[in-house]
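> A predicted structure for the sequence below; I have some questions about it.
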Amino acid sequence: MEYLNRKVKSNGQIDTRQMNGASNARKKLSETAMSPAPPAPRDKNTNQPEVGKQSLSGSRTCTYSMERDRIGVWGSGDGQSNSKLSGLDRLKHPGLNKGMAFSIEERQAMGIHGLLPPRVKTQEEQVQLCKLSIERYEDPLNKYIYLMGLLDRNEHLFYRFVGENVSQMMPIVYTPTVGLACQKYGLVYRRPRGLFITINDKGYVYDILKNWPETDVRAIVVTDGERILGLGDLGACGMGIPVGKLALYTALAGIKPHQCLPITIDVGTNNQTMLDDPLYIGLRQRRVRGPQYDELIQEFMEAVVKRFGQNCLVQFEDFGNANAFRLLEKYRGKYCTFNDDIQGTAAVAVAGLLASLRLTGKRLSDNVIVFQGAGEASLGIAELCVMAMKAEGTPEQEARGRIYMVDSKGLIVKNRPEGGLNEHKEKFAKDCPPIRTLAEVVDTVKPSVLIGAAAIGGAFSPSILRAMGANNERPVVFALSNPTSKAECTAEEAYVNTDERAIFASGSPFPDYRTKDGRVLRPGQGNNAYIFPGLALGILCAGLVDVSDDFMLLAAEALAEIVSQEDLDQGSLYPPLEHIQECSVKIAKKIVEHAYATGKASVQPPPLNTESFIRSQMYDVRYGRALPPVYDWPHDAPKVNVL
Ligand SMILES: NC(=O)c1ccc[n+]([C@@H]2O[C@H](COP(=O)([O-])OP(=O)(O)OC[C@H]3O[C@@H](n4cnc5c(N)ncnc54)[C@H](O)[C@@H]3O)[C@@H](O)[C@H]2O)c1
Ligand SMILES: O=C(O)C[C@H](O)C(=O)O
Ligand SMILES: [Mg+2]
């Protein structure tokens, strides 16, 4: 493949120490198809590539490919033949296992004939079985356990099953069920998946990263478990979130499973229920904060670069508010990173708002927006709204003036008696007397858009919704808090209390709603899952490090563009979940093009055809061949038969 030999101004060197003979054999094979990477500078003592010591901005060259091979314990590889693992090992390896889809020829050649039932199944038949199996469970947590078990057994099948049934499976691997799974992680935890790095590991973070059996990690989702969805501090049990997010990296954007690494940083938890729970899986101590915490995160970021290279993406997820903003400011532009709760959420919400303009006939700047909550999600969205309004020609101060924020103390106003406004909130503080409740703010300000992201379930009371309906022909109501129990209102409540005129979206899914005149409304899911997979795919394909907010606005615009008139007519501001994989490719394409246009892409040369390059890098859910290719050797000799 032409682009597999492209050079990247970054580090992509592989630490080969943990590669076994099989992967070396695979590597040799792939090297015949790829130009060899130039030797990396070596550490005098360890003779390992000194990747962490390369400069961020300096020109680095190495072979770039998202196809780099590997064999690890949990990952997928491409399921192809060039592995010297034994047949039994391949049956146990989730990335290579095909279960009953191994052909008789493969079973015989691999020495596993007889270990499987005689019948050979197609992958399609296996997908059908998955459907039947999961439907037998009523409890969503059991469905979650089933799906994670499938992932542990057979990755290709898992991703095909989830990818072909996104709207049914996403609520299980993702919100809302993943929230429940995190709360019960001590119960659902079965097999190692991801890395736990604790405060006790300070000084040894790189060694822990080296314990991960995959060498070609391109994307990490990391949490410290302090704000898991709207459920608060779940400590080490937050691991379900990076696992779920990365499952969507593959299912929704084709980023290869073995290139994804979920990480939980365990510095303790302040959740007494967790600390008292005999099943709790993390450190039994209260959260460490201050310099110790910061040093651990700094060491982690440096270790990621040293182990996996400068272009390894680190997505921060579900950190507590103060750390989320601080760490984003500290690392953005310097490391390949973004904060999903601030930036990804901003993009998905602004995409929904841009799409809503086609229903209301307004400009974004014509709206008055009230936020319930002034945290990561709300402030991220508010800042991106300002950027989008400025792009419409509205001066910044005027744009900020159209945005009102309500936090736990009421409307954010200047000279708040309690004080305590941080710099982010200060920028939206209004010059007016304090207003305590959301209901009063809605009555006073008469917003056209009401956005909830404060994890206060039911905060949009019927009377608040009725006021939105009374003040607007088409009120826009976003109940973004997750999981479902934290949603500000249900879709039904939004429709019922506004004479079915509300334009509604929610972070967690709600069922379709039938209107009085028999139309079916399908509320869209305003969840950053529409953004982060495609964004990550674009970042990796371009070798982008500085994920600045112009990329977020671009992603929002790209997503809004995909929304069809039919979607809007059905009441959805987002494309159907069934199309979400196509959304990811379109978003990735915009990201890659913009990265080249702004000189921020480091993968060289630029692709001739961006979309086909992106697609060529994506994971194939279909099984590969388990047997080596059979070809004439020497060419005029009779065909070699492996059996
Ligand atoms: N749909 C999505 O894609 C998406 C993305 C990110 C976050 N979220 C959800 O948004 C919620 C908040 O996340 P966050 O990262 O912004 O959290 P955060 O902790 O940073 O912010 C929460 C905010 O809510 C405010 N708040 C608390 N109690 C309040 C009350 N009674 N009235 C008004 N405001 C109150 C706090 O003052 C704070 O400003 C969570 O439920 C999370 O799951 C959804
Ligand atoms: O995880 C989600 O479903 C969205 C978001 O990242 C959140 O924290 O709620
Ligand atoms: Mg999150």
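Thanks, I have the structure now. Ligands and ions are numbered 1, 2, ... in the order given.

> what about stretch 88-104, average pLDDT?
Across stretch 88-104, pLDDT averages out at 95.

> That should have said stretch 327-337, apologies.
Computed over stretch 327-337, the mean pLDDT rounds to 98.

> what about that stretch, start to end distance?
10 Å (Cα to Cα, to the nearest Å).

> Run through who's touching it.
With contact meaning Cβ atoms under 8 Å, 6 or more residues apart in numbering, stretch 327-337 is reached by 56, 297, 301, 304-305, 310-316, 319, 338-339, 342-343, 539, 544-548. C-beta here means a position set from N, CA and C on the backbone, and glycine is covered the same way.

> One more pass at 7 Å, please.
Where contact means Cβ atoms under 7 Å, 6 or more residues apart in numbering, the residues beyond stretch 327-337 that reach it are 56, 297, 301, 310-314, 316, 319, 339, 342, 539, 545-547.

> cool, stretch 504-523 as well?
For stretch 504-523, the external contacting residues (Cβ under 7 Å, 6+ apart) are 171, 175-176, 352, 477-484, 487, 490-492, 494-495, 500, 524-527, 570-574.

> How about the residues of the protein by ligand 3?
Those residues of the chain that sit near ligand 3, judged by Cβ under 5 Å from the ion, are D318, D341.

> The chain against ligand 2: which residues are in contact?
When proximity is defined by Cβ under 6 Å from any ligand atom, the chain lies next to ligand 2 at Y174, T175, L229, D318, D340, D341, N482, G507, N527, N528.

> please redo it, this time with the cut-off set to 8 Å
Counting by Cβ under 8 Å from any ligand atom, the chain comes close to ligand 2 at 174-175, 178, 227-230, 241, 244-245, 317-318, 340-341, 344-345, 377, 480-483, 507-508, 527-529.

> Show me the residue at the heart of the protein, geometrically.
Nearest to the mean C-alpha position of the chain, by Cα atoms, centre = their mean, lies K245 at 4.1 Å.

> Helices along the stretch 451-600 of the chain, start to end?
Across the stretch 451-600 of the chain, reading from the start of the chain, the helices by DSSP state H, counting those that start in this stretch fall at 462-471, 491-496, 532-542, 549-562, 565-569, 580-597.

> Specify the next element, helix or strand, located C-terminal of the last one.
To tie it back to what came earlier, the one meant is helix 580-597. Sequence order places strand 603-604 as the next helix or strand after helix 580-597, per DSSP states H and E.

> That next one - what's its average pLDDT?
Per-residue pLDDT values across strand 603-604 average out to 92.

> and it, how far from the chain's centre?
Relative to its chain's centre, strand 603-604 lies at 24 Å (Cα atoms, centre = their mean, to the nearest Å).

> what packs against that strand?
For strand 603-604, the contact count by 3 or more Cβ pairs under 7 Å, 6 or more residues apart in numbering; DSSP states H and E identifies strand 7-8 as packing neighbours.

> and the gap between N528 and D233?
When distances are taken as Cβ to Cβ, to the nearest Å, N528 and D233 turn out to be 21 Å apart.

> what about those two, which has more around it?
Under the criterion of other Cβ atoms under 10 Å, the comparison of N528 against D233 puts N528 first, with 26 against 20.

> sorry, back to before: run a quick check on the residue nearest to the centre of the chain versus V222, I expect a contact.
No. Counting by Cβ atoms under 7 Å, K245 sits too far from V222 to count as a contact (10.0 Å).

> any common contacting residues for the two?
E317.

> Got the phi and psi for the residue of the stretch 351-500 of the chain found nearest ligand 3?
When scored by Cβ to the ion, the stretch 351-500 of the chain has N482 as its residue closest to ligand 3, at 7.6 Å. Note on N482: its backbone torsions stand at phi -120, psi 160 [degrees, to the nearest 10].

> give me the residue from the stretch 101-250 of the chain nearest ligand 1.
Of the residues in the stretch 101-250 of the chain, the one nearest ligand 1 is G230, at a distance of 2.6 Å by Cβ to the nearest ligand atom.

> ok but that residue is inside a strand, no?
No. Judged by DSSP: H, G, I helix; E, B strand; the rest coil, G230 forms no part of a strand; its state is coil.

> Find the nearest non-adjacent residue to it, please.
Nearest in space to G230, with sequence neighbours left out and distances taken as Cβ to Cβ, 6 or more residues apart in numbering, is A455 at 2.9 Å.
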